[in-house]
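[1] Any chance you could fold what I've pasted below:
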Amino acid sequence: MKFKSSLIALFTLAGCTASAQTVTLDYYFNHEVHKGANGQPERFHYLWDETDNNGFKIFGAAFTSRGAKLDTLGVAPTLDNLKGSSVYIIVDPDTKKESPNPNYIQEDDIEQIAAWVKKGGVLLMMANDSVNVELPHFNNLAAKFGMHFNNDLQNHVIDDAHFEDGAIYVKNNPVLKTAAKVFMKDACSIGLTGVAVPVLKNKEGATIIASAKYGKGTVIAVGDPWLYNEYVNGRLPSGYENDKAANDIAQWLLKQAKK
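    Got it, this is the predicted structure:
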């Protein structure tokens, strides 16, 4: 009986591990490199394991705390190499200023990503202000789902003395269910067509977060990579709840993927 119980427990554990959702972060379209402490080039910016202000360490923990696994994709996405992922995140594709040989999103990439979403995948697209993101090719992907990152500057914040210029108040939101006030600065707005709908608007009424259903899957777009460590680690003044927003976004994405 003891052996049988151990065997059941083993299979149960294996089943739980196998069914864990995988959240995959793109390391191909965003592949910024700088000189490390040893003088050698090293990858940085929006990495799962990056603990300084530039990283996604805290955002990643919002997924793992809910039982998900984190992964990365350092090559062009295909239906085959995305098939094990529940959520795929593309953040701030490189410009030539950020990479001497950026990997622009090509038509085949768009078709592969769209096919994966159509089968039930959940895609998170995070842009930036137009000076710091490669919008033309990113918008070719966004257009597939009825969205367009505009070449504008929303919530411009001059310095830390003007945090309120980046404040967005949240109420009865389908995605941000616990965060009541968030901070997002120097973002681009999002134009919508077809089935795409606004998720969050700023004080001026510009759409900052949008979503769309596509086949069995879901796409959500944000005008900024706003959930990196600098804005979820408690540095913001009291009252801002980007930490709650990170958890809200993670929970919503995983829930959509289960569907």
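[2] Next SSE downstream of the strand ranked longest in the chain?
    Identified as the longest strand of the chain according to DSSP state E is strand 207-214. Following strand 207-214 in sequence order, the next helix or strand is strand 217-222 (DSSP states H and E).
[3] That next one: how far from the chain's middle?
    9 Å (Cα atoms, centre = their mean, to the nearest Å).
[4] if we can go back for a sec, show me what the longest strand of the chain packs onto, helices and strands only.
    Applying 3 or more Cβ pairs under 8 Å, 6 or more residues apart in numbering; DSSP states H and E, one finds that strand 207-214 makes contact with helix 107-118, strand 190-192, strand 197-201, strand 217-222. Quick note: C-beta positions are derived from backbone N, CA and C, even for glycine.
[5] In contact with D71, which residues?
    By Cβ atoms under 8 Å, 6 or more residues apart in numbering, D71 lies in contact with T22, V23, T24, L25, G84, S85.
[6] I'd like to know which elements whatever helix or strand L141 lives in is packed against.
    Using DSSP H and E, L141 sits in helix 135-143. On a contact count with 3+ Cβ pairs under 8 Å, 6+ apart, helix 135-143 meets helix 107-118, strand 122-126, strand 147-149.
[7] picking that back up, quick check: neighbours of the longest strand of the chain in the sheet, parallel or antiparallel?
    Neighbouring strands of strand 207-214 in its sheet, by DSSP bridges, are strand 197-201 (antiparallel), strand 217-222 (antiparallel).
[8] what's the average pLDDT for the longest one?
    Mean pLDDT, computed over strand 217-222, is 98.
[9] ok, back up a step: determine which stretch of the helices and strands packed on strand 207-214 is the most buried.
    Most buried of the helices and strands packed on strand 207-214, by mean neighbour count (mean count of other Cβ atoms under 10 Å): strand 217-222, with a mean of 25.
[10] what is the orientation angle of it with helix 135-143?
    Angle, strand 217-222 to helix 135-143, by axes from the mean of the first three to the mean of the last three Cα atoms, to 10 degrees: 140 degrees.
[11] from here on, count from 339
    Sure, I'll start counting at 339 from here, so that last one is strand 555-560.
[12] now the helix or strand just after strand 555-560, how far from the centre of its chain.
    The helix or strand immediately downstream of strand 555-560 is helix 580-596, counting by DSSP H and E. Centre-to-centre, helix 580-596 and its host chain are 10 Å apart (Cα atoms, centre = their mean).
[13] again with stretch 589-597
    With Cα atoms, centre = their mean, you get 13 Å for stretch 589-597.
[14] In the protein, where is pLDDT below threshold?
    339-356, 597 (pLDDT under 70).
[15] The same query, at a cut-off of 90, please.
    339-357, 370-383, 434-439, 467-470, 497-499, 596-597 (pLDDT under 90).
[16] contacting residues for N585?
    By Cβ under 8 Å, 6+ apart, the neighbours of N585 are A400, S403, T516.
[17] One more pass at 10 Å, please.
    By Cβ atoms under 10 Å, 6 or more residues apart in numbering, the contact list for N585 reads 396-397, 399-401, 403-404, 514-517, 565, 570, 579.
[18] Give me the angle between the helix holding L479 and strand 460-464.
    Going by the same axes, to 10 degrees, helix 473-481 makes 150 degrees with strand 460-464.
[19] For N493, which non-adjacent residue is spatially closest?
    What sits nearest to N493 in space, not counting adjacent residues and going by Cβ to Cβ, 6 or more residues apart in numbering, is G504, at 4.6 Å.
[20] can you pull the contacts of that neighbour?
    Listed by Cβ under 10 Å, 6+ apart, the contact set of G504 reads 492-495, 520-525, 540, 562, 564, 569, 574, 578.
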